[in-house]
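> Output the structure for:
(one chain, ligands or ions: 1)
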Amino acid sequence: MRIIVIIDGHIDVTFALQLQNREFSARSDIGHVDLPRMREGNVSAALFAVYPASSNFSISSGVDYWFKLVENPENSLMQIRNLDDFEKARQSDKIGAILHFEGAGGLDSEFVTLRNFHRLGLRSMGLSWSNMNQFATGIGTIEERGLTSEGKALVSEMQSLGILVDVSHLNEKSFWDVVEITGKPIIASHSNAYSICNHVRNLKDEQIQAIRDTNGTIGINLCTMFLDPQKREEDHITFELIKKHFDHIVEKAGINHISLGSDYDGATVPSILKDISYYPKLLEFLRNTYSRNDIDKIAYQNFLRVFKTTW
Ligand SMILES: [Zn+2]
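Have a look, this model is predicted:
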């Protein structure tokens, strides 16, 4: 029996639920992620993002909401803090939730709050969302700045605690600053190949190779804008186009550095993969060219390896 089926590197259900009138425990037609749809999609764990994470209050209130979601017994979720928890979640038929911050804005530069959030189980964090904060510069600004000296100290503090550094949303300068100082694998939890779709949120070939060189992984994002260079509506995105991103990253970095990072509940996604329950259709399509072993690497093994090395 296979222990883990899919680990999704980025879902925004925690934020979406705060805006939409629905319950995580009940199947809904609204949004992309809930318990029944995660089960149908064979998703056994995911990085559940706290977003926005741009101020002390937005992070704290997001974490409060996150724990309300995960602690509600009706939601059949279990917090993942270490590798053994994946097995415990499986045995108790729960879906694993990994605490992730999409941004670091508002954390103090002495890293007191960071250490406390690590004690609460924070295991992954983007240094900035698309904006700019005291640590890093996101792709949404025109600033030439990369990481600040506080940002560089943040990276080493995160890595000594065992918090994964996520470079999705960083501008190129910040990205290369991270690469220069990292001592552990890094992830781009939800980004695609720039060569296939030239959007600033996607990774250029040298960036893809740099992530490979840290032994990290890249989660393929299902946001239509990051998939389709022609920026067509969601009805026009094909599996062939999505597969091009997989093929390109595999060509540049190899099969050990590619994963899934859907952005479900945080993006407009293709109609053929309209919510998280559709994941098996994507894997089925990839199975036409990729081996069973390769699919396992994409679906969960690469993320597990990175967690193992980092946490
Ligand atoms: Zn994002």
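> Could you pull out the strands in the stretch 151-300 of the chain for me?
Ranges of strands within the stretch 151-300 of the chain are 164-166, 186-188, 217-220, 258-260, based on DSSP state E, counting those that start in this stretch.
> could I get these as JSON lines with mean pLDDT, distance to residue 156 and mean neighbour count?
For every residue, glycine as well, the C-beta is placed using N, CA and C. As requested, the strands of the stretch 151-300 of the chain are exported to JSON lines (pLDDT from 0 to 100; distance: least, Cβ to Cβ, whole Å; neighbours: other Cβ atoms under 10 Å):
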{"stretch": "strand 164-166", "mean pLDDT": "98", "distance to residue 156": "10", "mean neighbour count": "27"}
{"stretch": "strand 186-188", "mean pLDDT": "98", "distance to residue 156": "13", "mean neighbour count": "29"}
{"stretch": "strand 217-220", "mean pLDDT": "98", "distance to residue 156": "21", "mean neighbour count": "29"}
{"stretch": "strand 258-260", "mean pLDDT": "98", "distance to residue 156": "24", "mean neighbour count": "28"}
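> Of all those, which one is nearest residue 75?
Smallest distance to residue 75 across the strands of the stretch 151-300 of the chain (Cβ to Cβ): 21.4 Å, for strand 258-260.
> can you list the strands of the stretch 151-300 of the chain in JSON lines and add distance to residue 19?
Listed next are these as JSON lines, based on distance: least, Cβ to Cβ, whole Å:
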{"stretch": "strand 164-166", "distance to residue 19": "23"}
{"stretch": "strand 186-188", "distance to residue 19": "26"}
{"stretch": "strand 217-220", "distance to residue 19": "23"}
{"stretch": "strand 258-260", "distance to residue 19": "24"}
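> Any idea which of the ones you listed gets closest to residue 207?
Among the strands of the stretch 151-300 of the chain, the nearest to residue 207 by Cβ to Cβ is strand 186-188 (7.7 Å).
> Quickly run through the sheet partners of the closest one, with directions.
strand 164-166 (parallel), strand 217-220 (parallel) (DSSP bridges).
> Let me have the ones you listed in JSON lines, adding distance to residue 132 as columns.
Putting the strands paired with strand 186-188 into JSON lines (distance: least, Cβ to Cβ, whole Å) gives the following:
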{"stretch": "strand 164-166", "distance to residue 132": "17"}
{"stretch": "strand 217-220", "distance to residue 132": "23"}
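> Show me the one of the strands of the stretch 151-300 of the chain that comes nearest residue 27.
The nearest among the strands of the stretch 151-300 of the chain, by Cβ to Cβ, is strand 258-260 at 21.4 Å.
> From residue 121, how far out is residue 229?
38 Å (Cβ to Cβ, to the nearest Å).
> Next: residue 214.
With Cβ to Cβ as the criterion, residue 214 and residue 121 are 23 Å apart.
> Contacts for the helix or strand harbouring residue 123 next, please.
Under the criterion of DSSP states H and E, residue 123 resides in strand 122-126. Strand 122-126 is contacted from outside by 47, 53, 80-81, 98-104, 114, 158, 162-170, 187, 189, 307, 311, using Cβ atoms under 8 Å, 6 or more residues apart in numbering.
> Which members of those residues are classed as buried?
With burial judged by 16 or more other Cβ atoms under 10 Å, the buried subset of the contacts of strand 122-126 is 47, 53, 80-81, 98-104, 114, 158, 162-170, 187, 189, 307, 311.
> Restricted to helices, list those residues.
Secondary structure from DSSP state H places 114, 158, 307 of the buried ones among the contacts of strand 122-126 in helices.
> Let me have the residues you listed in CSV, adding distance to residue 59 and pLDDT as columns.
Formatted as CSV, these follow (distance: Cβ to Cβ, whole Å; pLDDT from 0 to 100):
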residue, distance to residue 59, pLDDT
114, 10, 98
158, 14, 98
307, 22, 98
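> Surely residue 20 and residue 33 touch.
No: under the criterion of Cβ atoms under 8 Å, residue 20 is not in contact with residue 33, lying 10.8 Å apart.
> Counting neighbours, go ahead and name the busier of those two.
Higher neighbour count among residue 20 and residue 33: residue 33, with 26 against 13, using other Cβ atoms under 10 Å.
> Pull up the gap between that one and residue 271, please.
For residue 33 relative to residue 271 (Cβ to Cβ), the value is 17 Å.
> If we ignore the residues flanking it in sequence, what's nearest residue 249?
Nearest residue to residue 249, sequence neighbours excluded (Cβ to Cβ, 6 or more residues apart in numbering): residue 258, at 4.8 Å.
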